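1. structural data only, the sequence is not supplied:
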């Protein structure tokens, strides 16, 4: 449940203590020992967002992808304490899931990777593995300047480069950071006479993720997302002519795969034109259509190569 209780006090509303972003960010447990700020909330907000025993609160908004999804556990009920804005309350049923376990699970590498991909559109594990494996000298230079936060900072740098120059430019030209220069893709050599270039080309990491939940704002997922060394290059919605046609995939992109979340108006990183996935395919058993720019109902799809039903 994303909270909509802000820090401002409004006449006529109920006085409450507010558990805010910093409380969650800096504390693994939320207890009455913390010094909460004072605010007000409506009766409906108090009913919904008052902290209960075994709640887990997570940070849901931040300019830094590594700061999204940070959890804090509420071991006992806190009457009068309400979850604040930029946070969400996870309230598991004690009969099905213990809140303390959920808090522990949310700190796993897999969950952190999910939030990072949703926030940046980058598959960080592949990106970091490719760079560290193929360019150890340059990585050592980068790490020297960002020791302790080098991996998170590198993902942030790459995201900034994508936002500024676009995916195609970054794949072709890489980028420079202080005294380190990185290549993010190894292109196929013209011939096999240089074993080092052949070996480097073989180290590219080509990944396809099924049912990728790409948003921090909704539960939408895309059937297939294709990555080159962690950078998104294509998405694909699949249909079978036995149940749905390629037109259904096109409609799905136009209606449900929007570059901005319709409720929050926040951009969906993966779906941004030029700066993340470069092409989007709508595919059925024997037809394929493509677009390079998602724009809701204004999206224009062109026919791609026809697929053979037996292929």
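-> All right, it came through fine. In this text, all values refer to a predicted model and were calculated from it rather than measured experimentally. Residues are numbered from 1 along each chain as shown.
2. quick one: buried residues of stretch 276-288?
-> 276-278, 280-285, 287-288 (16 or more other CB atoms under 10 Å). Glycine gets a C-beta too; all of them are placed from N, C-alpha and C.
3. can you get me the start-to-end distance on it?
-> 21 Å (CA to CA, to the nearest Å).
4. average pLDDT for that stretch, rounded please.
-> Averaging pLDDT along stretch 276-288 gives 94.
5. pull the distance from that stretch to the chain's centre.
-> 21 Å (CA atoms, centre = their mean, to the nearest Å).
6. give me the contact list for it.
-> 121, 162, 167-168, 225, 232-242, 244-246, 249-250, 252-253, 257, 269-271, 289-292, 294, 301, 303-309 (CB atoms under 8 Å, 6 or more residues apart in numbering).
7. what residue ranges in the stretch 101-250 of the chain score low on pLDDT?
-> Applying pLDDT under 70 to the stretch 101-250 of the chain flags no residue at all.
8. hang on, the earlier thing: with the buried residues of stretch 276-288 in mind, which one is nearest to residue 147?
-> Residue 147 has its nearest neighbour among the buried residues of stretch 276-288 in residue 276, at 28.9 Å by CB to CB.
9. element containing the closest one?
-> Assigned by DSSP states H and E, residue 276 belongs to neither a helix nor a strand.
10. quick check, central residue of the protein?
-> residue 118 (1.0 Å; CA atoms, centre = their mean).
11. quick check: buried residues in stretch 170-183?
-> Buried, per 16+ other CB under 10 Å, within stretch 170-183: 170-171, 174-175, 177, 180, 182-183.
12. can you give me the helices in the stretch 201-311 of the chain?
-> In the stretch 201-311 of the chain, the helices defined using DSSP state H, counting those that start in this stretch lie at 246-256.
13. would you agree residue 158 is in contact with residue 171?
-> No - using CB atoms under 8 Å as the test, residue 158 is too far from residue 171 to be in contact (10.9 Å).
14. thinking again about what came up before, looking at the buried residues of stretch 276-288, which are in strands?
-> Members of the buried residues of stretch 276-288 lying in strands (criterion: DSSP state E): 280-283, 288.
15. so can I have JSON lines of those residues showing distance to residue 32?
-> Formatted as JSON lines, these follow (distance: CB to CB, whole Å):
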{"residue": "280", "distance to residue 32": "50"}
{"residue": "281", "distance to residue 32": "53"}
{"residue": "282", "distance to residue 32": "53"}
{"residue": "283", "distance to residue 32": "55"}
{"residue": "288", "distance to residue 32": "59"}
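16. can you give me the strands for this protein?
-> 14-19, 37-41, 56-59, 71-73, 81-83, 87-90, 175-177, 180-182, 206-213, 221-228, 231-238, 279-283, 288-291, 302-303.
17. tell me which of those sits most buried.
-> Stretch with highest mean neighbour count among these: strand 81-83 (a mean of 25; mean count of other CB atoms under 10 Å).
18. residues in contact with that one?
-> Outside strand 81-83, the residues within contact range by CB under 8 Å, 6+ apart are 3, 5, 16-19, 30, 32, 36, 39, 41, 45-46, 49-51, 55, 57, 89.
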